[in-house]
Structure formats: structure tokens, C-alpha cells
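# Kindly return the folded structure for what I paste below:
(one chain, ligands or ions: 1)
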Amino acid sequence: MFGSIARRYDILNHLLSLGLDFYWWREMARAAGAKPGVRILDVAAGTGDSTLALAKRGADVVASDFTIPMLALGPEKFNKSGVADSVIGSVGADAQQLPFRDSSFDALTICYGVRNVENREKAYAEFNRVLKPGGRLVILEFSRPRRGWLRSFYSAYSRYLLPRLGGWISGDKNAYTYLPESIKRFPPQTDLALELKNAGFTDVTWRDLCLGVVAIHVGIRGNQRECPQSPTAPMSC
Ligand SMILES: C[S@@+](CC[C@H](N)C(=O)[O-])C[C@H]1O[C@@H](n2cnc3c(N)ncnc32)[C@H](O)[C@@H]1O
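Numbers count the residues shown, from 1 in each chain. As a prediction, this is how the structure comes out:
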């Protein structure tokens, strides 16, 4: 699905979010603590706008995604913005099976990606594995608006305008019917926080942006990881 809309994806993002997407990515990059010397894995990086926000703050970023036509659009963007040196890799990879060593990143970000992952538990286990102890998981995702009036407006917007406009511009109506449906199915703020705690992340917090249209969840990888061997295996497993 993402492969078929790759070329129109960016313009639709900017249009459908009324340009707020840039602000949301900037806040995500701040929450990730992106700065020179910090190594970040941007999972489900798509066409690279989330990666760009991290690279602009000087972090060393690896972009990964399993839709190669989306990932392939990133490098030109990084070059044009003068941050190509900060993007140290673009890797085709499934979030549920990451081809990276244990404890190799200071932070892991996933923007509008985790909602699409088939088995989130599996992905969280991978996020835990590739993060260093104390490393930060940052999720930027569509969420539930807090105010009733905004919820009604947003619901009408998602149901009527978004699929029509998205379908018309991208040429793929299904993709933009899927979007509001997947948002509806995705856990609200408190449930997502609980899900992260259950997956072994500590100090889980979240912050609503635009009254909860999107939310940024942050969790810290604890020191303990589940060991597949016997209960007497050393903690370094
Ligand atoms: C809505 S785009 C988000 C792209 C980018 N992070 C952004 O902020 O614009 C979602 C991306 O998630 C990717 N994705 C979905 N499931 C995935 C998985 N299991 N592993 C890796 N990438 C995945 C899709 O290929 C798509 O590029």
C-alpha cells in the first residue's frame, strides 16, 4: 500500500495535516534528545521526513523501513537539506525483525509507523533489544482528541474529507480509507502507555499535541532483558 502512494505521500501529509506535520516531527526529535553524538534508529522512516527532523538536530540517524519505494525517496531530501552526513544508513527492514545488534542505539523513534505493524509485541521486543540500557523509545502517533467538539470535528474530517481528498490526490482511495480506520483501531494514549509498560519500558510518559490529535509517547529501556536461556543464565545474555 505504501509503495503505491510513495510519490504523493509527502504532499498529502503536509496538506491533510495543514502543515502541522513539521511541528509534530520537530517535537518528536526534541523528545528523542536528538543532538550530535546521539545515535538514533528511525523505524518505519518512510520517505524520510521524520529522519530529517532528527538529522537536522545533528544526531547520527539510521533510517529503516520495509517499503523500499518509500525509503528510496529519503536520500535526495537529506542531500537537499544538507544533512546527508548525519544520515548514516538507510536500511530495508521489518520493525518486527531488525537487522541490528543488541544495544546499538541511544534512541529509537517510530512516527506513524507502529499503528501499521502487525505484531506490536514483537516489534517492542526488537526495540528493547536494539536500544542501549537507558535508551529512549519515542512514538509519534495519531491519537484521541481530548475535547468533545474536536473529537466530533476530527471524526467527520477523517470519515468524509480525508478519504476523498487522499484518494483523489494519491490515486489510491483504499490507502486513505485505511488511515482513519487504523487510527480508530489504535489504542488511545493511556492504553498505549500501558502496552509499553507491559513490554518492559519504564518511565513511560506521553504528551498530547494539538489537543490529542497526535501524541508523543516516551519509554525507557530498562536494564533487564528477558533471557531466552535458563533462569540461571547471566544477565548479560
Ligand atoms: C505513515 S508512514 C510514516 C513515515 C514516516 N515515519 C513519517 O513520519 O512520515 C508509515 C511507514 O511505516 C512503514 N511500515 C509499516 N509496517 C512496517 C513494518 N512492520 N516494518 C517496517 N516498516 C513498516 C511503511 O512502509 C511506511 O513507510
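
# Can you list the buried residues in the helix or strand harbouring residue 76?
Here residue 76 is covered by helix 74-80, with elements defined by DSSP states H and E. For helix 74-80, a neighbour-count test (16 or more other CB atoms under 10 Å) marks 74, 77, 78 as buried. (Glycine included, C-beta is placed from N, CA and C.)

# Check stretch 176-191 too.
176, 177, 179, 180, 183, 186, 189.

# before we move on, what about stretch 40-48?
Here stretch 40-48 shows 40, 41, 42, 43, 44, 45, 46, 47, 48 as buried, counting by 16+ other CB under 10 Å.

# And stretch 143-155, by the same measure?
143, 144, 145, 150, 154.

# Which two among those residues are spaced furthest apart?
Of all pairs drawn from the buried residues of stretch 143-155, the widest gap by CB to CB lies between 143 and 150 and measures 11.6 Å.

# quick check: longest helix of this protein.
Across the chain, the longest stretch assigned as helix under DSSP state H is helix 2-16.

# how far off helix 2-16 does the worst-scoring helix or strand of the chain on mean pLDDT point, in degrees?
Across the helices and strands of the chain, mean confidence by mean pLDDT, DSSP states H and E is lowest for helix 162-170: a mean of 78. Going by axes from the mean of the first three to the mean of the last three CA atoms, to 10 degrees, helix 162-170 is angled at 110 degrees with respect to helix 2-16.

# what's downstream of helix 162-170, the next helix or strand?
helix 173-185.

# helices or strands up against that following helix?
Applying 3 or more CB pairs under 8 Å, 6 or more residues apart in numbering; DSSP states H and E, we find helix 173-185 packed against helix 2-16, helix 162-170.

# now do 6 Å
On a contact count with 3 or more CB pairs under 6 Å, 6 or more residues apart in numbering; DSSP states H and E, helix 173-185 meets helix 162-170.

# Nice, that's everything, thank you.
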